[in-house]
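Peer 1: A structural model of the following input is requested.
(chains A, B, C and D)
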There are 2 protein chains.
Amino acid sequence: MYATQRATIKQVALEAGVSTQTVSRVLNSRPDVSPETPLRVQRVIERLAYQPSAVARSLIRKRTHTIGVVGAGLEYFGPSRTLAGIERQAADLGFSVLLTLLHEPETDDLRPVLSDMLSHQVEGIIWAAPEIADNRSWIDKVEQPAVPIVFLTMEPRSGSTVVSIDNREGGRLAAQHLLAHGRMHIALVTGPLTWWEARERQLGWEEALNGAGLTAKPRQIVEGNWSPESGALAFTRLQAQFPEMDAVFASNDQMAQGILHAAWKDNVRVPQDLAVVGFDDIPEASYSIPPLTTIRQETNELGRAAVRALGQLIATWHEARKTQTDPAIAAQSVKLEPRLVVRSSSL
Amino acid sequence: MYATQRATIKQVALEAGVSTQTVSRVLNSRPDVSPETPLRVQRVIERLAYQPSAVARSLIRKRTHTIGVVGAGLEYFGPSRTLAGIERQAADLGFSVLLTLLHEPETDDLRPVLSDMLSHQVEGIIWAAPEIADNRSWIDKVEQPAVPIVFLTMEPRSGSTVVSIDNREGGRLAAQHLLAHGRMHIALVTGPLTWWEARERQLGWEEALNGAGLTAKPRQIVEGNWSPESGALAFTRLQAQFPEMDAVFASNDQMAQGILHAAWKDNVRVPQDLAVVGFDDIPEASYSIPPLTTIRQETNELGRAAVRALGQLIATWHEARKTQTDPAIAAQSVKLEPRLVVRSSSL
DNA sequence: GTGAAAGCGCTAACAC
DNA sequence: GTGTTAGCGCTTTCAC
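Peer 2: Got it, this is the predicted structure:
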């Protein structure tokens, strides 16, 4: 049922009546082969269904053309899109992707993840798991990372390349929009505050309130966990502890959906009684009831940008190795701007 | 900034004053080393931050402990969850995952994808891209796959291992539920009919109708593309061409959401005027307005089951290689059962 | 234009 | 217990 043995370059050489050398030249389409040789060799290659081994090749060339990707939260729309963007840009740049997912980002031990990638000789790493609690701090401690790492959606720090969207600006946009439409009592449903992104969005929201001469009181904030369910719960709690509420900014669209749902059940009219703004712009957002105003982030592009940055780092890195110079790589961080998308849930 | 050169086993041996052999023994915790040797070697290993190269190891052991995963549609909830399940089970079984995504499943050339994976010496492949048009047929044609392949969510065929959920049963469940609640004019919004899954769900729906003595007329069927938008459009078309409609089964939850939205805009009451059933049970389904009755599929488990099956195939495969016997591998297909989840959109 | 020899980093099979 | 030799599949000198 299955091919029992893979053909090697030796067998091809043997059957084609040339040296392995020549086969190698043909494989790499080197110029210095006589015109007929390639044809003969190619025929044998096809007959044997020969595939050069990337493993053997990497060993000698010291390049695997593979990047490691550490992801998490594939149950959410954003991270999934980001991964798709990563994979795509990687493919465009000729890199394969070795994927590892953190299933319990809060507690998973990160050391084995990293060393596993390194043992596979990845040329660089995209760290696309959310920054939770201080699960990153130890990475910062790791002396001399053996390969370039690009962090996604994390707090920029000197010395590391971070690609993220401007979450704080996103929070600001949401709150400013609500303020501009006359809402004075704007609640906030945050994501888990162990997440850096959630904290940033909160800060943006606060800044906007302060900018309008308002102060954010604790009772107008409820912490959710990104799920629609937590949004619904948050709504109920807010009604009790912040009854004057006339608007709410949810840190993601799924929680916003939970809020819309809970409001509907309570006969609270959106947007008349309550304006709602989300974050992400998931495909369902335009088809919620009513359509959801939200902060759109280009998660796909986020992934692509990260891989582009990593590609650069890897290139510099290899050049340095060639010229024996120290890879003085400038860590530059990229920040993408989110965008307000106005729909009827806030008007 | 970065470590300039990776340490090799040779350097470790040199600095520890032993042979590379002994280092190798320590690395693999072989029994035949004197008690003190490991300690000395370990110290050097740590000092040099030495990491054995999985590449060199694979070359000689002829095992990469890597599986290839071909995925697609990460913008949808199901495929993302499936991928998460795959990765997790793979990790549990000690396999790394080499990921490739099909971004245009309809047109992408599959050959390079496959040969790229093979050149990386993956030990098996999970084909988790939806069966579209006949993009699979050529795989069937590939003479002697070099490694075991497990297909996800595809039409079972003799000779290949397929893991899928029973889509037809899902369609049946949806329609039977609606019939049981007295709906007589049940419309269908399918997914793209180039997808096998979409066709199966349609067949189940038809079977249920026939079972109730009804016949499915073309005008009660509209083809969507999985997006909420297409669901909304389908609703409009159905109102025109199938005005007696009192229920609709949408082939996924996102389209169902689009239908709910369009109905709401048209003042069509759900469920009084129109019962709606979706497929998937995405997290938002319980928080749509009204909460959505749907067919739940365990996509995460689907991925895990696929990897378990692949793990078996790989094991058999290696045993056969050892004993020089022909790997007479029984291709067994697995089918998971979907489940009806009743919420208020259909009551 | 082509082949022979050497070696990438590691381990399997033998010696000692 | 430990070292030596050989070789995984390929590419890179460097002869010819």
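Peer 1: Helices along chain A, start to end?
Peer 2: Along chain A, counting by DSSP state H, helices occupy A:9-16, A:20-27, A:36-48, A:54-61, A:77-92, A:110-119, A:137-141, A:167-180, A:196-211, A:228-241, A:253-265, A:299-323.
Peer 1: Please find the angle between the direction vectors of the first one and helix A:20-27.
Peer 2: Calculated by axes from the mean of the first three to the mean of the last three C-alpha atoms, to 10 degrees, helix A:9-16 forms an angle of 100 degrees with helix A:20-27.
Peer 1: Lowest mean pLDDT among the helices and strands of chain A, which one is it?
Peer 2: Ranked by mean pLDDT, DSSP states H and E, the helix or strand of chain A with the weakest confidence is helix A:137-141, at a mean of 64.
Peer 1: Can you tell me which of the helices of chain A is most buried?
Peer 2: Comparing the helices of chain A by mean neighbour count (mean count of other C-beta atoms under 10 Å in any protein chain shown), helix A:253-265 comes out on top with a mean of 26. Where you see a C-beta, it was placed from the backbone N, CA and C, and this is true even at glycine.
Peer 1: is it up against chain B anywhere?
Peer 2: Yes - against chain B, helix A:253-265 shows contacts by C-beta under 8 Å from any C-beta of the partner chain at A:Gln254, A:Gln257, A:Gly258, A:Leu260, A:His261, A:Trp264.
Peer 1: can you list the residues you listed in CSV and add pLDDT?
Peer 2: Shown next, in CSV, are these (pLDDT from 0 to 100):
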residue, pLDDT
A:Gln254, 97
A:Gln257, 98
A:Gly258, 98
A:Leu260, 98
A:His261, 98
A:Trp264, 97
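Peer 1: Relative to B:Leu152, which of these is nearest.
Peer 2: Among those, A:Gln254 lies closest to B:Leu152 (C-beta to C-beta), at 25.8 Å.
Peer 1: dump the residue contacts of that closest one.
Peer 2: By C-beta atoms under 8 Å, 6 or more residues apart in numbering or on different chains, the contact list for A:Gln254 reads A:Tyr76, A:Trp226, A:Ser227, A:Pro228, A:Gly231, A:Asp280, A:Ile282, B:Pro283, B:Glu284.
Peer 1: What distance do you get for it to B:Asp109?
Peer 2: 36 Å (C-beta to C-beta, to the nearest Å).
Peer 1: Over to A:Ile67?
Peer 2: Using C-beta to C-beta, A:Ile67 is found at 22 Å from B:Asp109.
Peer 1: Compare those two (neighbour count), which wins?
Peer 2: Neighbours were counted for A:Ile67 and for B:Asp109 using other C-beta atoms under 10 Å in any protein chain shown; A:Ile67 has more, 26 against 11.
Peer 1: Just list the residues touching the more buried one, thanks.
Peer 2: Listed by C-beta under 8 Å, 6+ apart, the contact set of A:Ile67 reads A:90, A:95-98, A:122-126, A:307, A:310, A:314.
Peer 1: nearest to B:Val222, of the residues of helix A:253-265 next to chain B?
Peer 2: A:Gln257 (25.2 Å).
Peer 1: wait, that closest one sits on B:Glu284?
Peer 2: Yes - here A:Gln257 reaches B:Glu284: they are 5.3 Å apart, a contact under C-beta atoms under 8 Å.
Peer 1: Common neighbours of the two, please.
Peer 2: Jointly contacting A:Gln257 and B:Glu284 under the rule C-beta under 8 Å, 6+ apart are A:Pro228, A:Glu284.
Peer 1: Counting neighbours, what do you get for the closest residue in space to A:Trp195 that isn't next to it in sequence?
Peer 2: Once flanking residues are discounted, A:Trp195 sits nearest to A:Pro130: 5.3 Å by C-beta to C-beta, 6 or more residues apart in numbering or on different chains. By other C-beta under 10 Å, 25 other residues sit near A:Pro130.
Peer 1: All set now, cheers.
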